[in-house]
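Q: Below is the structure, and that's it, no one-letter string:
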């Protein structure tokens, strides 16, 4: 089972952010990703310092040497998908062939409206996601791409240089059974879910299996990962404090994510990680939002990660 970290690039300086992902990379972390938000998450009206994703990823790709790098996930409403494919190929060169492209239908309507993007209906956003998947899949395969859709189009576009990797992986993120998982079955090399418990992750994996069979696709060809809240302390007192602070931070949104969290001491969360492994997760990423305990990170790297190597 691969273990990674998903870092929310908010409430910290760029220098601290860079030292954080360097620390994880040097420790042998398998995966490091950021998110594609323009405001903080959970939403707080644009009151917390927050860095943009693509420019942040450029630094992340250049600063690291080991971990696979990604964004979970780019909202296709913020960037033309042809430009996004060009961006992915560029980041793959900066990283030396370690970048993976994640796309999704988005959810943060507050930031979208604030930055002037608007926020289409869920139906329209999934139409946009499907068109984006068509375009980036073709452009990252080396083909010249002509595409005409309701939302995006390209005209004999080339994407040179192609990525370093012969096949740059594409991820689709989300838990929607009617749209997200069927799209993952058609286009994705990986599927990522966030903040669901092991039982629900296993059930959704079964839905993805069925979608793969319908698409004449081997279900085993799609990697499956889960992002989980990191509510961990080096000891019980620190774990209790972490839970109290996390509940306060999320506020009324906490019930939506609390069952997709690692909560407790290192010994306790080992069992929780194992439950996701047994539910079919090929990888698990701890989701970090500053501030966090440095001792808790040490405990994770020294006591939990080795259990799954």
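A: Sure thing, it's come through. Computed from a predicted structure; not experimentally measured.
Q: can you give me the strands in the chain?
A: Per DSSP state E, the chain carries strands over the ranges 2-7, 31-34, 68-71, 74-75, 99-104, 145-148, 153-157, 170-173, 190-194, 223-232, 261-264, 283-288.
Q: Quick check: residue 97 vs residue 65, distance?
A: 11 Å (Cβ to Cβ, to the nearest Å). Backbone N, C-alpha and C define where each C-beta goes, glycine included.
Q: Point out the most buried one among the strands of the chain.
A: strand 74-75 (a mean of 27; mean count of other Cβ atoms under 10 Å).
Q: Name the strands paired with that strand and say parallel or antiparallel.
A: strand 99-104 (parallel) (DSSP bridges).
Q: Show me what the partner strand is in contact with.
A: The contact list for strand 99-104 (Cβ atoms under 8 Å, 6 or more residues apart in numbering) reads 33, 57, 61, 68-76, 81, 84-85, 88, 91-92, 129, 132-133, 136, 140, 163, 165, 168-174, 180, 189-190, 192.
Q: quick revisit: looking at the strands of the chain, which is closest to residue 115?
A: Residue 115 lies closest to strand 74-75 among the strands of the chain, at 11.2 Å (Cβ to Cβ).
Q: where does the closest one sit relative to the chain's centre, distance-wise?
A: Chain-centre distance of strand 74-75: 10 Å, with Cα atoms, centre = their mean, to the nearest Å.
Q: OK, contacts around the residue sitting nearest the centre point of the chain?
A: The centre of the chain sits closest to residue 72, judged by Cα atoms, centre = their mean, with a distance of 2.1 Å. Contacts for residue 72 (Cβ under 8 Å, 6+ apart) come out as 6, 33, 35, 102, 171, 173, 192, 194, 227, 285.
Q: Mind doing that once more with 10 Å?
A: Residues near residue 72 by Cβ atoms under 10 Å, 6 or more residues apart in numbering: 4, 6, 31, 33-36, 100, 102-104, 171, 173, 190, 192-194, 225, 227, 285, 287.
Q: Give the ranges of residues in the stretch 51-200 of the chain that sit below the confidence cut-off.
A: Within the stretch 51-200 of the chain, not a single segment meets pLDDT under 70.
Q: what are the ranges of the helices in the chain?
A: Secondary structure of the chain (DSSP state H): helices located at 14-26, 53-63, 81-95, 109-114, 122-139, 180-187, 198-214, 236-250, 254-257, 266-278, 294-299.
Q: follow-up on the earlier one: can I get the strands of the chain in CSV including distance to residue 244?
A: Listed next are the strands of the chain as CSV, based on distance: least, Cβ to Cβ, whole Å:
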stretch, distance to residue 244
strand 2-7, 22
strand 31-34, 26
strand 68-71, 30
strand 74-75, 31
strand 99-104, 31
strand 145-148, 50
strand 153-157, 50
strand 170-173, 29
strand 190-194, 22
strand 223-232, 10
strand 261-264, 11
strand 283-288, 17
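Q: Nothing else from me, thank you.
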